[in-house]
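[1] need a structure here:
(4 chains)
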There are 2 protein chains.
Amino acid sequence: MTERKKLTLKDIAKELGISISTASRALKEHPDIADDTIKMVKDFAEKHHYVPNILAVNFRKNRTYNIGLIVPELVHHFFSTVISGAIDGAKKLGYNVLVSQSNDLLADETTACRTMLASSVDGLLISISNETLEADHLKEFLEEGKPVVQFDKITDHLNTPKVIVDDFEGAYQAVKHLIDQGYKKIAHIRGRREVKNANERALGYQKALEDHQMEQSSDWIKDCVHINEQEGYDFCEELLKSQNPPDAIFCITDLVALGVLKYLKEKQIAVPQEVGVVGFSNWKLAEIVNPGLSSVDQHGYEMGERSIVKLIQLIKDHNIENEEVIEIKTKLIIRGSSLKS
Amino acid sequence: MTERKKLTLKDIAKELGISISTASRALKEHPDIADDTIKMVKDFAEKHHYVPNILAVNFRKNRTYNIGLIVPELVHHFFSTVISGAIDGAKKLGYNVLVSQSNDLLADETTACRTMLASSVDGLLISISNETLEADHLKEFLEEGKPVVQFDKITDHLNTPKVIVDDFEGAYQAVKHLIDQGYKKIAHIRGRREVKNANERALGYQKALEDHQMEQSSDWIKDCVHINEQEGYDFCEELLKSQNPPDAIFCITDLVALGVLKYLKEKQIAVPQEVGVVGFSNWKLAEIVNPGLSSVDQHGYEMGERSIVKLIQLIKDHNIENEEVIEIKTKLIIRGSSLKS
DNA sequence: ATGGATTGTGCAAACGTTTGAAATTTTTTC
DNA sequence: GAAAAAATTTCAAACGTTTGCACAATCCAT
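    Numbering: from 1, shown residues only, chains lettered A, B, ... in the order given. The predicted structure follows:
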């Protein structure tokens, strides 16, 4: 194939009878260079399609304009939305995004981090795995002077900026909505106790009940482990077969809510009349199911975009000491599954 | 922060009283180098955590071990599955993946390509946008000697390897299944005529009808433009209100099928008893809806993995003349929406 | 005219690695 | 024991860019 020899600064310099340094400076309109020279060089460069060898530039400047992005799972509506926002945001600022997934395993996350570091990304954006507690592999980044920004699933063991959803408030609003709809006995199928988001949501749930003097019961709180459809189904069964069954269920995530809905449909229990259901995350499926599933939207796209903007800002400022917490407001999307009145 | 000075080959050489070149070769166990020397250097490197400056290596070798991946849409079950497979495959072979999306716009695709090229990826994996016909921006890649592999949505205007699903066969099997189930009047809501996959599926549909001497009618073929839920809904209405309404509908994709199901549910037309429905792609939603939507699985993960393996092979062989077509077998997933008997 | 700014340009080193070829040392052969 | 062969190591250039500093040229004020 053609693979024509690329034009370099040296070629331009020789051709124009100037030095390489002048050519280099002219192209970036350095104030030292005469306007005529600048014009001459730029015209020549344009005419001959000069494009700087980015590898040489990166090497010289010791940066890549690449950003690493690690999520627990790629095939996941929320995370792919975040990635989409991050990529679009990065593009606007002239950065590229290297994507990797941890499969929610600490081991995979660690190797992904190492690979990112080895391939010299300028910074890292990460939503940690369920298994991540200490964060030594992330500290390696900071030690190299490369900023890290955490989003969604975060650890407090690492001093970095964090972009999170206000899980507490989101859960609070969801439960308050159920209360407003007249539900009296509201259960919560919650996530793992080690995961911060899950705890925040549980706290929001509890606070909403307290603030409105609602009945509470430890029997109404069920702990997911895998956070999947089956658990939703099983816990729903448990809840409804107990001697004091709830009349509404707030679920840690839409997938779990889906299992709940499935059980209710199978048992011909009317939603939302007999039992109300609210999920979390507002996945695509929430609008697809029938009745539509009320859910708390997390604005994944915005989260991705703001995370990357923050990260790039840190990269540019050579700042790795920042610990700002950016909270994205959630939005309760009300659909049929909780609209009794 | 620390940001300790990185150890370089020069440091090792000086410390060990050898030359830089010896150190370099020793680390890669070059046969010219004495075993003792190799051991000495490797031990030293290990002990002091020497890690080569990848930027320098890349510059020197003129490659990055990064691969560009462009999809029409990131937040999309099928494409995120492909990306997942591509990333996992790349990881195994020591490559990273830069992800970008075209939003199905030629303009965005072109800039994404340029960015990828400018950031010196070693090769490109792409599923083209609906708007892409000529492929000049892709040719730029080949002209630079960088291989391109197309997958799923492809153009024949570019001579590259292609990894595709056997759309024809997938459609054929889907329609044959409907025939086997006893449906007599089978309609097809098809995709755009400019898109190859859509044409293949339409051909498979037609061939299945012919092979089984089924009734055909041009009125039973509807052309989508946006390929969304609404179109499915509207075309379903049109079809069923015509004077010769079909009793089964094969849809270009699950989203369209979803619209069809929605219409049927609203009109209380029994699925699958009165009308059978089959989609294509086997999105998550297919198992979520009720009744479950029969669909043709495209094995996205495998497609991503095989595409990247092929691409990396071309990169390693410096081969950009390959035009191999890899066909991934589809698999019909039968669910309630078409299971009459 | 002389000196001091000011302006524009070039020199050369530097970034860290790889690699062909030359140089050195060691081993083999007759 | 000298020449040839083999084994090991070093030299130095190269990759393309950026940048501190020196130099040269022009201008202005005295």
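[2] tell me the centre residue of chain A?
    residue A:82 (4.5 Å; Cα atoms, centre = their mean).
[3] what's the closest residue to that residue other than its chain neighbours sitting at in phi/psi?
    Of all residues not flanking residue A:82 in the chain, residue A:304 sits nearest, at 3.9 Å (Cβ to Cβ, 6 or more residues apart in numbering or on different chains). The way it works is simple: take the backbone N, C-alpha and C, and place the C-beta from them, glycine included. Main-chain dihedrals, residue A:304, degrees, to the nearest 10: phi -60, psi -40.
[4] contacts only, for residue A:304.
    A:81-89, A:151 (Cβ atoms under 8 Å, 6 or more residues apart in numbering or on different chains).
[5] tell me which of these is nearest to residue A:108?
    residue A:83 (16.9 Å; Cβ to Cβ).
[6] how about the residue nearest to the centre of chain A, secondary structure?
    helix (DSSP: H, G, I helix; E, B strand; the rest coil).
[7] that one contacts residue A:153, correct?
    No: using Cβ atoms under 8 Å, residue A:82 makes no contact with residue A:153, being 10.9 Å away.
[8] what's the local residue count around the residue in the stretch 101-250 of chain A positioned nearest to DNA strand D?
    Residue nearest to DNA strand D within the stretch 101-250 of chain A (Cβ to the nearest atom of the strand): residue A:120, separated by 15.1 Å. Residue A:120: 20 surrounding residues under other Cβ atoms under 10 Å in any protein chain shown.
[9] any figure for the gap between it and residue B:65?
    From residue A:120 across to residue B:65, the span is 11 Å (Cβ to Cβ, to the nearest Å).
[10] now residue A:131
    Counting by Cβ to Cβ - residue A:131 and residue B:65 are separated by 27 Å.
[11] same thing with residue A:257?
    Relative to residue B:65, and taking Cβ to Cβ, residue A:257 is found at 42 Å.
[12] more neighbours: which of the two?
    A count of neighbours by other Cβ under 10 Å puts residue A:257 above the other of residue A:257 and residue B:65, at 30 against 20.
[13] contact partners for the more buried one?
    Contacts of residue A:257 (Cβ under 8 Å, 6+ apart): A:232, A:249, A:251, A:277-280, A:286, A:293, A:295, A:337.
[14] hmm, which of these is lowest in pLDDT?
    Minimum pLDDT across the contacts of residue A:257 is recorded for residue A:286, with 92.
[15] who's in contact with the helix or strand where that residue lies?
    Using DSSP states H and E, residue A:286 maps to helix A:284-288. Identification of contacts with helix A:284-288 by Cβ under 8 Å, 6+ apart yields A:77, A:254-255, A:257-258, A:279, A:292-295, A:333, A:335, B:258, B:284-285, B:288-289.
[16] take these and keep only those in helices.
    A:77, A:254-255, A:257-258, B:258, B:284-285, B:288 (DSSP state H).
[17] highest neighbour count among those?
    Top of these by neighbour count (other Cβ under 10 Å): residue A:257, with 30 neighbours.
[18] in space, what's closest to that residue - neighbours in sequence excluded?
    residue A:279 (3.4 Å).
[19] tally of neighbours for that neighbour?
    There are 32 residues near residue A:279, going by other Cβ under 10 Å.
[20] ok, it touching residue A:249?
    No: checked against Cβ under 8 Å, the pair residue A:279 and residue A:249 is beyond contact range at 9.4 Å.
[21] quick one on the thing from earlier: next one: the residue nearest to residue A:257 from residue A:272, what distance?
    For residue A:279 relative to residue A:272 (Cβ to Cβ), the value is 13 Å.
[22] same check on residue A:25?
    69 Å.
[23] any regions of the stretch 1-150 of chain A where pLDDT drops low?
    For the stretch 1-150 of chain A, applying pLDDT under 70 flags the ranges A:1-5.
[24] please enumerate the helices of it.
    Using DSSP state H, counting those that start in this stretch, the helices of the stretch 1-150 of chain A run over residues A:9-16, A:20-27, A:35-47, A:54-61, A:77-92, A:106-118, A:136-143.
[25] check whether the first one contacts chain B.
    When you say that, I think you mean helix A:9-16. No: Helix A:9-16 is not in contact with chain B by Cβ under 8 Å from any Cβ of the partner chain; minimum separation 14.5 Å.
[26] what residues sit buried inside that helix?
    By neighbour count on 16 or more other Cβ atoms under 10 Å in any protein chain shown, the buried set for helix A:9-16 is A:9, A:11-13, A:16.
[27] how about residue A:178: what's its closest non-neighbour residue?
    residue A:248 (4.6 Å).
[28] and residue A:330, its phi and psi?
    phi -90, psi 170.
[29] surely it is in contact with residue A:166?
    Yes: using Cβ under 8 Å, residue A:330 is in contact with residue A:166, at 5.8 Å.
[30] higher neighbour count, these two?
    residue A:330 (25 against 17).
[31] out of the contacts of residue A:257, who's nearest residue A:61?
    For the contacts of residue A:257, the nearest to residue A:61 is residue A:280 (43.2 Å; Cβ to Cβ).
[32] ok, that closest one - how many residues close by?
    Residue A:280 has 31 nearby residues by other Cβ under 10 Å.
[33] got a list of what it touches?
    Taking Cβ under 8 Å, 6+ apart as the test, what residue A:280 contacts is A:170-171, A:174, A:201, A:250-254, A:257, A:295-296, A:298.
[34] how is chain A carved up into domains?
    A:9-52, A:65-164+A:300-328, A:167-298+A:332-338 (automatic domain parsing).
[35] now for these, which one comes closest to residue B:105?
    domain A:65-164+A:300-328 (12.7 Å).
[36] ends of that closest one, how far apart?
    26 Å (Cα to Cα, to the nearest Å).
[37] contacting residues for the residue nearest to the centre of chain A?
    A:71, A:127, A:151-152, A:300-301, A:303-304, A:307.
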